[in-house]
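Undergrad: I would like to see how this sequence folds:
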Amino acid sequence: MKLVVRVKLLPTPEQAAALEATLRAVNDAATWVAALAHTQRVFRNYDLRRHVYGQVKDRYGLAAQAAQHVIKKVADAYATLHAHVRNGNLGRPGSARRERVLARPIVFRPGAAQPFDDRCLSWRMDARTVSIWTVGGRMKGVAFTASADQLTLLAAHRKGESDLVCRDGRWFLIATCDLPDVPVRAPDGFVGVDLGIANIATTATATGTGTGTGTGTGDGVRHSGKTLNAVRHRHRELRRRLQAKQTKSARRLLKRRRRKEARFAADTNHTIARRIVTEAARTGRGIALEDLQGIRDRVRLRKP
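TA: Numbers count the residues shown, from 1 in each chain. Model (predicted):
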């Protein structure tokens, strides 16, 4: 089982400037590699590496491992794009949206996340610092902070890459922790979960044979989305009024409220999910989500 732990970095102004220059350099390099891959129609990691590895190092001054991560990031981005195309998420063949997306190369934001492995990033859990590669050389003694549970999890189970992320001027490392799987016994029935908008989630207990096909008993719980929809409506009206003012204070308030609605929605969804999981664990049942496979082919109504 894999979990991610997000720790907050506490860099000095000089360290923050070095981290910012590093993210800008690797993402400029990724954009250049993506354009070349789109032009030459080379998307596999190893094939792309043969074309651009030396040029990326010389052109952008990246270390060997950082250059490989840039190339892999581009290959993964195109793999995700092509998967969306195959699954029809970008429209049907010949549609304007699909053709528009496929006609231009992928572009990476200057502050997009960058993966670092153990060759580019090392942790000192006792001192709560990290040593990280930058375009200006290895930078040591970058402080970080985390809760006691996060520190324990990192010390015991951290494994693999960690992503460097800058969000609203704050720096984070998102580390992957590989935990051993916990043995799970066969469930005694299922809690069916139906997702929606008016009701974010509606649960119903069901009995079955472990295949997810049971008969609901009707004693479920509805988790209403009324409060969340009201918050979204309030934020939408507030944004409209502030954008119409076009004053410095209005722009400052808009910036301060960025992602506030998204954080509230994420917290609401997390709270509902924890309630469902807790109830399923208390009663020894499994959780069965509605099957939306092929819903686009089954539904004949036009999208409003």
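Undergrad: what about this protein, any weak spots by pLDDT?
TA: 206-219, 292-304 (pLDDT under 70).
Undergrad: the strands in it, which residues?
TA: Secondary structure of the chain (DSSP state E): strands located at 2-10, 114-116, 121-124, 129-134, 137-145, 158-167, 170-178, 190-195, 199-207, 215-216, 222-224, 286-289.
Undergrad: which parts of the fourth one are buried?
TA: Applying a neighbour-count criterion of 16 or more other CB atoms under 10 Å, one finds 129-130, 132-134 buried in strand 129-134. The way it works is simple: take the backbone N, C-alpha and C, and place the C-beta from them, glycine included.
Undergrad: now tell me what touches stretch 21-36 from outside.
TA: With CB atoms under 8 Å, 6 or more residues apart in numbering as the test, stretch 21-36 has contacts from 42, 48, 51-52, 56, 59-62, 66-67, 69-71, 73-74, 77-78, 105-112, 114, 133-136, 164, 166.
Undergrad: pull out the buried residues from those residues.
TA: Looks like those have 42, 48, 52, 56, 60, 62, 66-67, 69-71, 73-74, 77-78, 105-106, 108, 112, 114, 133-135, 164, 166 buried, using 16+ other CB under 10 Å.
Undergrad: ok so, going back, so which of the strands of the chain is nearest R232?
TA: Nearest to R232 among the strands of the chain is strand 199-207; the distance by CB to CB comes to 12.2 Å.
Undergrad: check which helices and strands that closest one sits against.
TA: Helices and strands touching strand 199-207, by 3 or more CB pairs under 8 Å, 6 or more residues apart in numbering; DSSP states H and E, are strand 190-195, strand 215-216, strand 222-224, helix 260-283.
Undergrad: closest one to P93 among those?
TA: Across these, closest to P93 is strand 190-195 (CB to CB), at 29.3 Å.
Undergrad: what strands line up against that closest one, and which way round?
TA: Here strand 190-195 has these sheet partners by DSSP bridges: strand 199-207 (antiparallel), strand 286-289 (parallel).
Undergrad: F172: which of the ones you listed is closest?
TA: strand 199-207 (27.7 Å).
Undergrad: list the buried residues in that closest one.
TA: 200-206.
Undergrad: can I get these in CSV with distance to P183?
TA: Formatted as CSV, the buried residues of strand 199-207 follow (distance: CB to CB, whole Å):
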residue, distance to P183
I200, 31
A201, 27
T202, 30
T203, 25
A204, 27
T205, 24
A206, 24
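Undergrad: pick out the most distant pair among these.
TA: The widest separation within the buried residues of strand 199-207 (CB to CB) is 19.5 Å, between I200 and A206.
Undergrad: go ahead and confirm Q114 touches H69.
TA: Yes. Q114 lies in contact with H69 (CB atoms under 8 Å); the separation is 6.9 Å.
Undergrad: these two touch, right, L3 and L179?
TA: Yes. The pair L3 / L179 is scored as a contact, 6.1 Å apart, by CB under 8 Å.
Undergrad: need the overlap of contacts for those two.
TA: In contact with both L3 and L179: H157, using CB under 8 Å, 6+ apart.
Undergrad: what about K140, how many neighbours?
TA: 12 (other CB atoms under 10 Å).
Undergrad: going forward, count from 22.
TA: Sounds good: first residue 22 from here, last item K161.
Undergrad: quick check: closest non-adjacent residue to it.
TA: Once flanking residues are discounted, K161 sits nearest to S152: 4.4 Å by CB to CB, 6 or more residues apart in numbering.
Undergrad: distance of the one you found from L263?
TA: Per CB to CB, to the nearest Å, S152 is found 43 Å from L263.
Undergrad: cool, R278 as well?
TA: 8 Å.
Undergrad: same thing with F285?
TA: 18 Å.
Undergrad: cool, and R296?
TA: Where L263 is concerned, R296 sits at a distance of 34 Å (CB to CB).
Undergrad: ditto for A167
TA: 35 Å.
Undergrad: and what of A46?
TA: With CB to CB as the criterion, A46 and L263 are 35 Å apart.
Undergrad: who's more crowded, these two?
TA: For A46 versus L263, neighbours defined as other CB under 10 Å are more numerous around A46 (20 against 17).
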